[in-house]
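Visitor: next come a sequence and a model predicted from it.
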Amino acid sequence: MSDRFGAPRPSLTPGRWDPAIRAGLEAMLASEAPGIAAFDWDETCIRGDISETWLAALDAAQPTGRVDAYEAGCAADKRAAYIQLAIDLVRDRTEREVRAAVLDVAERAVADGRIAFRSEIRELIWALQRHGWSVWVVTASPTAVVQPLAETYGIHPHRVLGMQSPLSADGRYLPRLNEPATFREGKRSVLTDHAGGPPTFAAGDSEGDLWMLSAARYRLLVDRGPRGDPALRARATAEGWWIQHGWT
């Protein structure tokens, strides 16, 4: 909404927002100079994880124990497991092939309820952009996997920062990763390098987002309840972050 010839009004649809958080976000939009806004993708912008969903689909089509190996890897070293997953999902594929596969997986996953797009976050991103903010997605999923979905939220592909494998001369992803990995402190450093500074606002759901969230002035934790991180929730409570509960 906007005045006829004035600036956009900082209004958000009530949706499933906690009323106090919605009011705080609207106050931020109304009073804060436009800055950098950073969003995690999986379990923040959407319910679910697009990389893990694609991995499960690959394993269902050709059972080779991929999911079990990934889960065992996460238990041993989460950073290393995320990196290996990011490499394996795109290796030997072109960007066009990744995009087509992701859109197909996402369509089927939305239809059967494994993934849901969060209209509240999409509207918040649109509102930030209308007010002149520089909006970025910083994700531990591969960049090429998240880009086609982030476009539906109005995020330009160049504003998606994720795990990035180099391309071969014939345009296929190589089985290695460009550093830094976009996980934990890597999220903050990659965002600072590309956006030109730390975020004014950041939203995330997990310990992997902590460094990015800690760098922001306004912080939104999308709390996953029993599936979430109690230590992160306790820190968010102690430091007065916005904590959105109850989204499924």
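Guide: Cool, the structure landed.
Visitor: number of nearby residues for the nearest residue to residue 59 once chain neighbours are set aside?
Guide: Distances taken as CB to CB, 6 or more residues apart in numbering put residue 66 closest to residue 59, at 4.4 Å, once the chain neighbours are dropped. For glycine as for every other residue, the C-beta is placed from the backbone atoms N, C-alpha and C. By the measure other CB atoms under 10 Å, the count of residues near residue 66 is 17.
Visitor: surely residue 66 meets residue 57?
Guide: No: in this structure, residue 66 is not within contact of residue 57 by CB atoms under 8 Å, at 10.1 Å.
Visitor: chain neighbours aside, what residue packs nearest to the residue nearest to the spatial centre of the chain?
Guide: Central residue of the chain (CA atoms, centre = their mean): residue 41, 1.3 Å from the mean position. With CB to CB, 6+ apart as the criterion, residue 41 has its nearest non-adjacent residue at 4.0 Å, and that residue is residue 139.
Visitor: give the pairing partners of the strand ranked longest in the chain; include direction for each.
Guide: Longest strand in the chain, counting residues (DSSP state E): strand 134-142. Under the criterion DSSP bridges, strand 134-142 sits next to strand 36-39 (parallel), strand 160-163 (parallel) in its sheet.
Visitor: the longest helix seen in the chain packs against which elements?
Guide: Assignment by DSSP state H gives helix 95-111 as the longest helix of the chain. Secondary-structure packing of helix 95-111 (3 or more CB pairs under 8 Å, 6 or more residues apart in numbering; DSSP states H and E): helix 50-61, helix 143-150.
Visitor: please identify the buried residues of that helix?
Guide: 95, 98-99, 101-102, 105-106, 109-110 (16 or more other CB atoms under 10 Å).
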